[in-house]
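Participant: test case, fold it:
(one chain, ligands or ions: 1)
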Amino acid sequence: MISPFVELRRRLHQIPEPGFQEFKTQRLLLDELAKLPQERLAIRTWRTGILVRIAGTQPSRRFGYRTDMDGLPIAEQTTLPFPSTHPGYMHACGHDMHMAIAMGIVTEFASTPMKDDLIVLFQPAEEGPGGALPMLGADELQDWMPEQIVGLHIAPEYPVGTVATKPGILFANTSELFIDLTGKGGHAAYPHRANDMVVAAAQLVGQLQTIVARNVDPLDSAVITVGKIEGGTKQNIIAETARLEGTIRTLSAQSMELVKGRIEAIVRGIEQSFECKAAIDYGSNYRQVYNDPALTGEFMDWLRGENEYTGVRLVECTEAMTGEDFGYFLERIPGFMFWFGVDTPYGLHHSRIEPNEDAIEAAISTVTRYLRWKSGE
Ligand SMILES: CC(=O)N[C@@H](CCC[C@H](N)C(=O)O)C(=O)O
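Facilitator: Model prediction:
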């Protein structure tokens, strides 16, 4: 028989929604929460997010667990019999898996509580514009603020049953990047009477790549990815405007400042050489995911000891250039994030990613066992 949390994941997979528009997702989760034993549950909503408190039997501490909720603007190309029903949108970063796991954790403690209180946060808008920072400031969270927090992210590259993490920095600092170029349009046959923003955009993309290659310390790490370019209207019209959309990743906060300074200098150069106007917008910025060294070390030691019961394999991984607004939680609350293997050949943000659903029960078991242990059981 299929696990209820696998079944829930499939229903969530069919309704991916953009950040802060997770209306159907929130409704579905609230309906599922309403089916649970209510004696120990308190439920609050905040925008499209949900906060759940599960009262412990003898609480002296408040633990936290966080999941994200939003989908991505990707047209699904999986072979799954339960594909997205929202054209052009897909759960391609595993947030459907994350929510099903979080619901499994709530379900376990709602029927068999631990000693301490648990706050489970369903947080919107991780992919952007970022729900963690405003959720941390929300009135609904203040009197439920956890004293320690945990979150996980699916990892396509590891077999099911693998936990990968490390103390200290796990994910990079991020900043979105939007650059609008405005020149002078015209007839394709008269380039000398126009300022072509397609050519300017092409030059700019190439020059941006020199920042990582030539300005960032090779022993540090940075990424500039331009994921989208828009410009022009027709093949025989010189484009008056072009727009680049991208993201910046750096391991150190100092490198983020350096990269932004270099972007601004290069964009000023493009303005001069193409006699155009350029506007830069950095969109949303996420703090690095910095795992509390003591708590992460303790979790890793616990996992090594648990191995014979859970079969979970621990990998001490290196840091990744992914971003996560969970970094804002970790800036304020001690805790950690870890990768959980889902064993699929396609990576995160790929239209064909098909996480192995066996990971759902394995992750629920790992997290609930860990929280019970932390709670002194
Ligand atoms: C885990 C993951 O894939 N997170 C996203 C976070 C995106 C942050 C922001 N919208 C940006 O693009 O900078 C990622 O792309 O790493």
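
Participant: which SS class is Ile248?
Facilitator: Per DSSP: H, G, I helix; E, B strand; the rest coil, the local secondary structure of Ile248 is strand.

Participant: same check on Glu108?
Facilitator: Glu108 - assigned by three-state DSSP - is helix.

Participant: ok, it - contacts?
Facilitator: Glu108 sits next to Ile364, Thr368 when contact means CB atoms under 8 Å, 6 or more residues apart in numbering. From N, CA and C alone the C-beta is placed, and that goes for glycine too.

Participant: which residues touch Gln148?
Facilitator: Neighbouring residues of Gln148 by CB under 8 Å, 6+ apart: Arg61, Phe63, Gly64, Leu295, Ile333, Pro334, Gly335, Lys374.

Participant: how about the helix or strand of the chain with the lowest mean pLDDT: buried residues?
Facilitator: Comparing helices and strands within the chain by mean pLDDT, DSSP states H and E singles out helix 293-310 as the least confident, with a mean of 89. Buried positions in helix 293-310, judged by neighbour count with 16 or more other CB atoms under 10 Å: Leu295, Thr296, Glu298, Phe299, Met300, Leu303, Glu306.

Participant: put together CSV for those, with distance to the ligand on each row.
Facilitator: What follows is the buried residues of helix 293-310, written out as CSV (distance: CB to the nearest ligand atom, whole Å):
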residue, distance to the ligand
Leu295, 21
Thr296, 18
Glu298, 24
Phe299, 20
Met300, 21
Leu303, 22
Glu306, 26
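
Participant: and which of the residues you listed is nearest Glu230?
Facilitator: Thr296 (41.4 Å; CB to CB).

Participant: so that closest one sits right up against Pro334, yeah?
Facilitator: No. In this structure Thr296 lies outside contact range of Pro334 using CB atoms under 8 Å: 9.7 Å.

Participant: how about Glu264, what does it touch?
Facilitator: Neighbours of Glu264 in contact, by CB under 8 Å, 6+ apart: Ile280.

Participant: that one sits in which helix or strand?
Facilitator: In this assignment (DSSP states H and E), Glu264 forms part of helix 253-274.

Participant: then Arg369?
Facilitator: Using DSSP H and E, Arg369 sits within helix 358-374.

Participant: which residue packs closest to Pro146, ignoring adjacent ones?
Facilitator: Spatial nearest neighbour of Pro146, chain neighbours left out: Gly64 (2.7 Å); criterion: CB to CB, 6 or more residues apart in numbering.

Participant: elements contacting the one helix or strand that neighbour maps to?
Facilitator: Using DSSP H and E, Gly64 sits within strand 62-68. On a contact count with 3 or more CB pairs under 8 Å, 6 or more residues apart in numbering; DSSP states H and E, strand 62-68 meets helix 95-111, strand 117-123, strand 148-155, helix 326-332, helix 358-374.

Participant: and the ligand, is the very next helix or strand once past the second one touching that?
Facilitator: Tracing the chain past strand 117-123, the next element assigned as helix or strand by DSSP H and E is helix 132-136. No. Using CB under 6 Å from any ligand atom, no contact is recorded between helix 132-136 and the ligand, whose separation bottoms out at 10.8 Å.

Participant: what mean pLDDT does helix 132-136 have?
Facilitator: For helix 132-136, the mean per-residue pLDDT is 98.

Participant: show me what counts as buried in whichever helix or strand comes after that helix.
Facilitator: Counting by DSSP H and E, the next helix or strand C-terminal to helix 132-136 is helix 139-142. Within helix 139-142, the residues scored as buried using 16+ other CB under 10 Å are Leu141.

Participant: for helix 139-142, the distance to its chain's centre please.
Facilitator: Relative to its chain's centre, helix 139-142 lies at 22 Å (CA atoms, centre = their mean, to the nearest Å).

Participant: i'd like the first residue to be 43 from this point on
Facilitator: With 43 as the first residue, the last one maps to helix 181-184.

Participant: so which elements touch it?
Facilitator: Judged by 3+ CB pairs under 8 Å, 6+ apart, helix 181-184 is in contact with strand 83-88.

Participant: which residues sit against the strand it packs on?
Facilitator: By CB under 8 Å, 6+ apart, strand 83-88 touches 68, 72, 75, 92-97, 148, 152, 177, 180, 182-183, 186.

Participant: okay, now His392: neighbour count?
Facilitator: Neighbour count of His392, defined by other CB atoms under 10 Å: 17.

Participant: re earlier: just the contacts of strand 83-88 now: which is nearest the ligand?
Facilitator: Using CB to the nearest ligand atom, Met177 comes nearest to the ligand of these, at 15.5 Å.

Participant: so the closest one versus Lys157, what's the distance?
Facilitator: Using CB to CB, to the nearest Å, Met177 is found at 26 Å from Lys157.

Participant: more crowded one of those two?
Facilitator: Using other CB under 10 Å, the more surrounded residue of Met177 and Lys157 is Met177, with 23 against 15.

Participant: distance of that one from Arg329?
Facilitator: Here the criterion is CB to CB. By it, Met177 lies 14 Å from Arg329.

Participant: equivalent analysis for Val162, please.
Facilitator: Val162 is 22 Å from Arg329, by CB to CB.

Participant: likewise Ala97?
Facilitator: Ala97 is 31 Å from Arg329, by CB to CB.

Participant: who has more neighbours, the two?
Facilitator: Higher neighbour count among Ala97 and Arg329: Arg329, with 23 against 15, using other CB under 10 Å.

Participant: could you give the number of residues near the closest residue to the more buried one other than its chain neighbours?
Facilitator: Closest residue in space to Arg329, ignoring its immediate chain neighbours: Gly369 at 3.8 Å, by CB to CB, 6+ apart. Using other CB under 10 Å, Gly369 is surrounded by 23 other residues.
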